[in-house]
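*Asks:* model this:
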Amino acid sequence: MLLYGRGREQAAIGRLLASAREGTSGVLVLRGDPGIGKTALLDHAVAEAEGFRVLRASGVESEARLSFATLTQLLAPVLDRSAALPGPQRAALERALGLAEGPVGGGDRLLVGLAVLTLLGDMAEERPVLCVVDDVQWADHSSAEALQLAARRLGAERVALLLAARPEGAELPGLPELRVEPLTAAAAAELLTAVAPELGGAERVLAEAQGNPLALVELPKSRATETGDLALPPAGRLRVAYHGQVSRLPGATQRWLLLAALEETGALDVLLRAAGECGLTVADLAPAEAAGLVRVDLTAGELTFRHPLLRSALVDRAPLADRLAAHAALAEALGPEA
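*Replies:* Below is the predicted model of the structure:
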């Protein structure tokens, strides 16, 4: 597997695996934006884990409210080993995963985490273990809690635990994190040349992608929106990810963001007037700020998006009536000189 511009992350993963081989467990959380390459780094870790027993799972948004859904996925291949667990741990784990009757009480949650720790430790006596969990921001709370509890107690079990999460995902206190940053200009150009060698207008794609690897792969298939930005392909993974981020916000917040996407300068005074025309308040923007989708600089009087592709995604997904209403509000806010 060929990665571009990810030497720092690959080195960190290499150290994690090397430590596990030598008898010291370790944990690493990769945190970064959609499309930044977290899954590719997890794939790289799996490919490098020669001689390891690999367990893999991924958080699923539709299962985020189902207790222990992610943990069930992770441990499914090795549940036959639960018979060797200490009695209380085995009973708690089996209840949690629906293998035995009975509710999961508060005390059981500690026992479930300890059962995960014991299970991984037992497997690691035979060979090192790599646990990989993607999209932790969508893992159900019970699974995330059990994994954190086990991770904080790892020692000499020859276990490597590698997690990936988006910035807006839940914090994982006590676990070391590595932020996966956008690619450098040189690495981005190298990737774009590899995936679209005959592309014309590469400079525009590089500018729009801003170092996001998935955007560099998908934007060459794009078209322009009414704002002049490049729009991601309709079935593209990055477009789906951005749409998902926006759709989870309140309706008033989505309307605020559409105004900001159509107002190209980010002028806060204009946006506040336009928002008022739409019956929106500053408080309606707060959920987007909390999610890290936009930044408001009161000193500069400017609103900026975390990534420019969010602008095109917002415009592209909005119904025509909403776009027309937003344009009308912006025109009113700009006044007769607009």
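
*Asks:* shaky segments in the stretch 51-200 of the chain?
*Replies:* 103-107 (pLDDT under 70).

*Asks:* how about 50 then?
*Replies:* Applying pLDDT under 50 to the stretch 51-200 of the chain flags no residue at all.

*Asks:* quick one: the strands in it?
*Replies:* 53-58, 129-134, 159-165, 177-179 (DSSP state E, counting those that start in this stretch).

*Asks:* what would these look like in TSV with mean neighbour count and distance to Leu249?
*Replies:* Quick note: C-beta positions are derived from backbone N, CA and C, even for glycine. As requested, the strands of the stretch 51-200 of the chain are exported to TSV (neighbours: other C-beta atoms under 10 Å; distance: least, C-beta to C-beta, whole Å):
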stretch	mean neighbour count	distance to Leu249
strand 53-58	18	23
strand 129-134	24	23
strand 159-165	26	19
strand 177-179	14	23
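
*Asks:* I'd like the ones you listed laid out as CSV, including distance to Ala83.
*Replies:* Formatted as CSV, the strands of the stretch 51-200 of the chain follow (distance: least, C-beta to C-beta, whole Å):
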stretch, distance to Ala83
strand 53-58, 18
strand 129-134, 18
strand 159-165, 20
strand 177-179, 35
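
*Asks:* of those strands, which approaches Ala151 most closely?
*Replies:* strand 159-165 (5.3 Å; C-beta to C-beta).

*Asks:* paired strands for that closest one, with orientation please.
*Replies:* Paired neighbours of strand 159-165 in the sheet (DSSP bridges): strand 26-31 (parallel), strand 129-134 (parallel).

*Asks:* can you put the ones you listed in CSV and add distance to Leu272?
*Replies:* Below are these laid out as CSV (distance: least, C-beta to C-beta, whole Å):
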stretch, distance to Leu272
strand 26-31, 32
strand 129-134, 39
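
*Asks:* who wins for proximity to Ala156 among those?
*Replies:* strand 26-31 (11.0 Å).

*Asks:* show the average pLDDT along the closest one.
*Replies:* In this model, strand 26-31 carries a mean pLDDT of 97.

*Asks:* so which bits of whatever helix or strand comes next after that strand are buried?
*Replies:* Moving toward the C-terminus from strand 26-31, the first helix or strand encountered (DSSP states H and E) is helix 38-48. Buried residues in helix 38-48, counted by 16 or more other C-beta atoms under 10 Å: 38-45, 48.

*Asks:* would a markdown table of these with pLDDT and distance to Val159 be doable?
*Replies:* As requested, the buried residues of helix 38-48 are exported to a markdown table (pLDDT from 0 to 100; distance: C-beta to C-beta, whole Å):
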| residue | pLDDT | distance to Val159 |
| --- | --- | --- |
| Lys38 | 96 | 20 |
| Thr39 | 95 | 21 |
| Ala40 | 95 | 23 |
| Leu41 | 97 | 19 |
| Leu42 | 97 | 16 |
| Asp43 | 96 | 19 |
| His44 | 97 | 19 |
| Ala45 | 97 | 13 |
| Glu48 | 97 | 16 |
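
*Asks:* from those, which is closest to Gly155?
*Replies:* Nearest to Gly155 among the buried residues of helix 38-48, with distances taken as C-beta to C-beta, is Ala45, at 20.7 Å.

*Asks:* isn't that closest one right next to Leu130, touching?
*Replies:* Yes. Counting by C-beta atoms under 8 Å, Leu130 is a contact partner of Ala45 at 6.7 Å.

*Asks:* who touches both of those two?
*Replies:* Residues touching both Ala45 and Leu130 (C-beta atoms under 8 Å, 6 or more residues apart in numbering) are 17, 160, 162.

*Asks:* and the second one, how far is that from Gln10?
*Replies:* Spatial separation of Ala160 from Gln10 under the definition C-beta to C-beta, to the nearest Å is 14 Å.

*Asks:* then Arg273?
*Replies:* 49 Å.

*Asks:* give the contact list for the spatially most central residue of the chain.
*Replies:* What sits nearest the mean C-alpha location of the chain, by C-alpha atoms, centre = their mean, is Arg166, with 2.7 Å. Each residue near Arg166 by C-beta under 8 Å, 6+ apart is listed here: 31-34, 135, 137.

*Asks:* what's the answer for Val282, then?
*Replies:* So Val282 contacts 272, 275 (C-beta under 8 Å, 6+ apart).

*Asks:* tell me where the stretch 201-338 of the chain has helices.
*Replies:* All helices of the stretch 201-338 of the chain, identified by DSSP state H, counting those that start in this stretch, fall at 202-209, 213-218, 237-247, 251-262, 268-277, 286-290, 308-317, 320-334.

*Asks:* what's in contact with the shortest one?
*Replies:* Same thing as helix 286-290. 249-250, 253, 256-257, 294-296.

*Asks:* what helix or strand does the residue nearest to Ala160 when sequence neighbours are not counted sit in?
*Replies:* Spatially, and ignoring its direct neighbours in sequence, Ala160 is nearest to Ala20 (4.1 Å; C-beta to C-beta, 6 or more residues apart in numbering). Element membership for Ala20, per DSSP H and E: helix 7-22.

*Asks:* what packs against that helix?
*Replies:* Counting contacts by 3 or more C-beta pairs under 8 Å, 6 or more residues apart in numbering; DSSP states H and E, the secondary-structure elements packed against helix 7-22 are strand 26-31, helix 38-48, strand 129-134, strand 159-165, strand 177-179.
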